[in-house]
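1. I would like to see how this sequence folds:
(2 chains)
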There are 2 protein chains.
Amino acid sequence: MERKLRLAIDMDEVLADTIGKFITVYEKRHQTIVKLEDLPGKEFREVLPEDIRQTLRVYINEPGFFRDIPVMEGAYEVVEKLHEKYDLYIVSAAMEFKNSLADKLEWLNEHFPFISWTNIVFCGHKIVDVDIMIDDRIKNFVNFEGRKLLFTSPHNLNIHDYERVNSWQEVADLLL
Amino acid sequence: MERKLRLAIDMDEVLADTIGKFITVYEKRHQTIVKLEDLPGKEFREVLPEDIRQTLRVYINEPGFFRDIPVMEGAYEVVEKLHEKYDLYIVSAAMEFKNSLADKLEWLNEHFPFISWTNIVFCGHKIVDVDIMIDDRIKNFVNFEGRKLLFTSPHNLNIHDYERVNSWQEVADLLL
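-> Alright, predicted model coming up:
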């Protein structure tokens, strides 16, 4: 039997709508409305008013922050099918935030229960030995020689030298 | 400049004396003395009396269990030097136990503070793209094509077909 190709899928902004959570948090805690149309080419913290910009890191570090993030549209259906066809791994650069680790694991168990703990990787640098990587951060493509699919997120809209996917439907069209 | 070789180091039974912790726990909680000379070729749970064998998994899952494990003899000094010479990563199959994740990260920050969060990987299957792997479990060498160093632990004493290191001093002799 031919070996299945190994596929690594990122979490924030790919499986999980982390910017959606950011927008909700700043509206609730600071009555600050961030609009998606302000975001292209920028990081979320860059569009926050300067006096509250430092709070983002604090919130991200709070236990529970990553537990209730919405699932990206279409992610469940497509990932479930990819899981059949590929040797699928979830690879998240979670290690910077200690409290995110258990939250992210529980989140995956809730929303993608078919993914085994054996196929989850939390790391810093993504030194994974895979064939295809779906990620919204090109820094994770450095030194990676496999196929790179840049998942569209506002901050990466001005980057043009990678194969791009704009939605989970486009991932399905390419990989299924 | 030549690229540094990438080195992956396991935690339990390699950096951390996890069996030492098991022995202490069973002496304290069950007045059960497990002797190192009972262990060769066996997993720790196999030498426990049958009526308390299932408790091991429960204890491993308790928050804090991995926080106070003793550091293996000689590990600090050798890893500090390896860290200069190699692109060094800590790679632990921690994902099976949700509560171990934060403990293990804090433990590393306490005992090996020179290792950045960027160079820590918690996973299931060790699908890391590295040149050398130091591990006590040969299952982690499956599909790994680099240099494998089997770090001696009681359970692996009957395995003879791998390059073996019996101590951190032997790691230093080979890699420094």
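
2. wouldn't residue A:86 be in contact with residue A:3 here?
-> No. The pair residue A:86 / residue A:3 is not scored as a contact, 10.6 Å apart, by CB atoms under 8 Å. Where you see a C-beta, it was placed from the backbone N, CA and C, and this is true even at glycine.

3. okay, these two: which has more neighbours?
-> More crowded of residue A:86 and residue A:3, by other CB atoms under 10 Å in any protein chain shown: residue A:86, with 20 against 8.

4. who are the contact partners of the more buried one?
-> A:4-7, A:132, A:175 (CB atoms under 8 Å, 6 or more residues apart in numbering or on different chains).

5. from those, which ones fall inside strands?
-> Among these, the ones falling in strands (DSSP state E) are A:6-7, A:132.

6. chain B next: which of these are close?
-> Filtering the ones in strands among the contacts of residue A:86 for proximity to chain B (criterion: CB under 8 Å from any CB of the partner chain) leaves residue A:6.

7. can you tell me which of the ones in strands among the contacts of residue A:86 is closest to chain B?
-> The nearest member of those to chain B, counting by CB to the nearest CB, is residue A:6 at 6.9 Å.

8. could you flag which of the contacts of residue A:86 are buried?
-> Buried subset of the contacts of residue A:86 (neighbour count, 16 or more other CB atoms under 10 Å in any protein chain shown): A:6-7, A:132, A:175.

9. any residues of chain A in contact with chain B? List them.
-> A:6, A:89, A:95-96, A:98-99, A:101-102, A:105-106, A:116-125, A:127-130.

10. quick one, which of those are buried?
-> Buried among these by 16+ other CB under 10 Å: A:6, A:89, A:95, A:98-99, A:101-102, A:105, A:117, A:119-125, A:127-130.

11. so which of those belong to strands?
-> A:6, A:89, A:120-122.

12. could those go into CSV alongside distance to residue A:65?
-> Shown next, in CSV, are those (distance: CB to CB, whole Å):
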residue, distance to residue A:65
A:6, 30
A:89, 23
A:120, 18
A:121, 20
A:122, 15
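
13. quick revisit: can you redo the buried ones among the contacts of residue A:86 as JSON lines with distance to residue A:22 and pLDDT?
-> Below are the buried ones among the contacts of residue A:86 laid out as JSON lines (distance: CB to CB, whole Å; pLDDT from 0 to 100):
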{"residue": "A:6", "distance to residue A:22": "31", "pLDDT": "98"}
{"residue": "A:7", "distance to residue A:22": "27", "pLDDT": "98"}
{"residue": "A:132", "distance to residue A:22": "28", "pLDDT": "98"}
{"residue": "A:175", "distance to residue A:22": "28", "pLDDT": "98"}
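
14. what sits against residue A:128?
-> A:8, A:89, A:91, A:121, B:127-129.

15. switch the cut-off to 10 Å
-> A:6, A:8, A:89, A:91, A:121, A:140, A:144, A:146, B:121, B:123, B:126-129 (CB atoms under 10 Å, 6 or more residues apart in numbering or on different chains).

16. where does pLDDT dip in chain A?
-> A:1 (pLDDT under 70).

17. could you pull out the helices for it?
-> A:18-30, A:55-60, A:75-85, A:100-111, A:168-175 (DSSP state H).

18. export the ones you listed as JSON lines, with columns for distance to residue B:36.
-> Formatted as JSON lines, these follow (distance: least, CB to CB, whole Å):
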{"stretch": "helix A:18-30", "distance to residue B:36": "47"}
{"stretch": "helix A:55-60", "distance to residue B:36": "44"}
{"stretch": "helix A:75-85", "distance to residue B:36": "43"}
{"stretch": "helix A:100-111", "distance to residue B:36": "32"}
{"stretch": "helix A:168-175", "distance to residue B:36": "50"}
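
19. any idea which of those helices gets closest to residue B:32?
-> Between residue B:32 and the helices of chain A, the tightest spacing by CB to CB is seen for helix A:100-111, at 30.2 Å.

20. tell me what that closest one is packed against?
-> helix A:75-85, strand A:87-92, strand A:120-122, helix B:100-111 (3 or more CB pairs under 10 Å, 6 or more residues apart in numbering or on different chains; DSSP states H and E).
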